[in-house]
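Student: What follows is a predicted structure for the sequence shown.
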Amino acid sequence: MWLDLAEIMMYDGAMWVIFGDFNEVRFGTERKNTDFCGKRAKLFNDFIKDNSLIDLPLGGRTYTHINDDGRKFSKLDRYLVSENFIQQWPNINVLVLDKKHTDHCPLILKDGDLDFGPKPIKAFDEWLKHKDSYDVVKNAWNSKIINNKPDCIFREKLKRVKQELRKWYATSDGKLKAEIEELSNSVNDWERQAEITNLTDDQHEQWMKDRECLNQKEKTQIEMLKQKARFKWALEGDENSKFFHSYIRWRNQKNNIHGVNAGGGLFKKRNSETWMLNHWDGPKLEVHMSEALEARFTETEVIDVIKGCGKNKAPGPDGFNLMFYSKFWDIIKDDLLNAIN
């Protein structure tokens, strides 16, 4: 592999960044409780030296790979960069992040600290599954709204529910993010301690329990991330659709034949008369059909539609999917029926 990489790097003047899991270490100190092969390490070091690569020092953690039972540690992941890369970005550094779902710690290459600000919060399914969410929604929904229009009342109550759910999530038992952070810190503390000393059986057992609990909490967080992705698609997807439809209309107008030049004259299609329905002589709906189309939606019809769709199917990017309408139907049904009728 080292010869193949060296052959690729023969081009002079190119800027190289080689990173990832090399499945090899450079020195014996980069392994703990696992075998070190000096011959393979020499081949790796020769490749770095012969190609004038710089092994960027890692910050944050000593090792980047920890096996499943937490017994073996290795520094398998790294960034190797060329000298001209360092000249271009002299303040570059590599940070080892805490391990999450795999046996490798992720690495991040950065040139200065970036702060993207706080993340927005939306109403998620995991909030609605919590036993206390029913009372939160009920109290918010029963709050007084000053408005005479049923659809506006319904909209304002949805906004009120979202606000109260956010407050509840931030101040009650719904602190999923805080729980994950606490468990993650505990797991990482065990890992750092295991890097420098051997844990007792009781300590190792507690470490494994914390890891299992963390995995369960993160599964819940993953479901929330999936919902975030759908929100993003709903917003950006609609914008993209508008763009493509407007482009198609522009192409149709451009390709439309407005007239033909022949024999020095311009021949155009006569403007057709506009169709009006004031004097329609065609088939008409029967009276009972017309009345059925204009009839109010019944509670049975609405709840059948809600139950017939997937719970994660959202009618729009407001964050309230059909799970919300199904679970809290007895609370919101009167206002919903008034709004749609």
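Tutor: Happy to help now that I have it.
Student: C-alpha only now, for contacts and for neighbours.
Tutor: Noted.
Student: just checking, what packs against the helix or strand where residue 185 lies?
Tutor: Taking DSSP states H and E as the criterion, residue 185 maps to helix 176-196. Counting by 3 or more Cα pairs under 8 Å, 6 or more residues apart in numbering; DSSP states H and E, the packing neighbours recorded for helix 176-196 are helix 201-255.
Student: Could you list the low-confidence segments of this protein?
Tutor: The chain contains residues with pLDDT under 70 at 11-13, 112-124, 126, 172-174, 224-278, 312-319.
Student: just the strands in it please.
Tutor: Under the criterion DSSP state E, the chain contains strands at 17-21, 31-32, 53-55, 58-59, 65-66, 73-74, 77-82, 93-96, 107-110, 260-262, 265-267.
Student: so which of these comes closest to residue 332?
Tutor: Minimum separation from residue 332 across the strands of the chain (Cα to Cα) falls at strand 107-110, 46.8 Å.
Student: helices and strands around that closest one, which ones?
Tutor: By 3+ Cα pairs under 8 Å, 6+ apart, strand 107-110 packs against strand 93-96.
Student: List the neighbouring strands of the strand it packs on plus their orientation.
Tutor: Partners of strand 93-96 in the sheet, by DSSP bridges, are strand 58-59 (parallel), strand 107-110 (antiparallel).
Student: hang on, the earlier thing: list the contacts of the helix holding residue 185.
Tutor: Residues outside helix 176-196 that contact it (Cα atoms under 8 Å, 6 or more residues apart in numbering): 32, 61-63, 70-71, 73, 98-99, 199, 207, 210-211, 213-214, 217-218, 221.
Student: Ok, stretch 136-148 next?
Tutor: Residues external to stretch 136-148 that are found in contact with it (Cα under 8 Å, 6+ apart): 153, 156, 157, 158, 160, 161, 164, 165, 168, 328, 331, 332.
Student: ditto for stretch 203-220
Tutor: Identification of contacts with stretch 203-220 by Cα under 8 Å, 6+ apart yields 69, 101, 126, 176, 179, 180, 183, 184, 186, 187, 190.
Student: Which single one of those residues is nearest to residue 295?
Tutor: residue 126 (36.8 Å).
Student: Residue 55 and residue 111: what is the separation?
Tutor: According to Cα to Cα, to the nearest Å, residue 55 and residue 111 sit 16 Å apart.
Student: Can you pick out the residue with more neighbours from the two?
Tutor: Counted by other Cα atoms under 10 Å, residue 55 and residue 111 do not tie: residue 55 has more neighbours, with 16 against 11.
Student: Now the more buried one. Nearest residue, chain neighbours left out?
Tutor: Once flanking residues are discounted, residue 55 sits nearest to residue 80: 4.8 Å by Cα to Cα, 6 or more residues apart in numbering.
Student: ok, the one you found - contacts?
Tutor: 16, 17, 18, 19, 48, 53, 54, 55, 56.
Student: ok, the fifth one - how many residues close by?
Tutor: Residue 48: 19 surrounding residues under other Cα under 10 Å.
Student: do the same with the first one
Tutor: If you count neighbours by other Cα under 10 Å, residue 16 ends up with 14.
Student: List the contacts of residue 133.
Tutor: Per Cα under 8 Å, 6+ apart, neighbours of residue 133: 127, 165.
Student: gap between it and residue 328?
Tutor: Going from residue 133 to residue 328 by Cα to Cα gives 10 Å.
Student: ok, now residue 161?
Tutor: According to Cα to Cα, residue 161 and residue 328 sit 11 Å apart.
Student: Who has more neighbours out of these two?
Tutor: Higher neighbour count among residue 161 and residue 328: residue 161, with 20 against 16, using other Cα under 10 Å.
Student: buried sites along the helix holding residue 185?
Tutor: Neighbour counts over helix 176-196 (16 or more other Cα atoms under 10 Å) mark 176, 179, 180, 183, 184, 186, 187, 188, 190, 191, 194, 195 as buried.
Student: Let's have those in JSON lines, adding distance to residue 285.
Tutor: Shown next, in JSON lines, are the buried residues of helix 176-196 (distance: Cα to Cα, whole Å):
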{"residue": "176", "distance to residue 285": "56"}
{"residue": "179", "distance to residue 285": "61"}
{"residue": "180", "distance to residue 285": "61"}
{"residue": "183", "distance to residue 285": "65"}
{"residue": "184", "distance to residue 285": "66"}
{"residue": "186", "distance to residue 285": "70"}
{"residue": "187", "distance to residue 285": "70"}
{"residue": "188", "distance to residue 285": "71"}
{"residue": "190", "distance to residue 285": "75"}
{"residue": "191", "distance to residue 285": "74"}
{"residue": "194", "distance to residue 285": "79"}
{"residue": "195", "distance to residue 285": "80"}
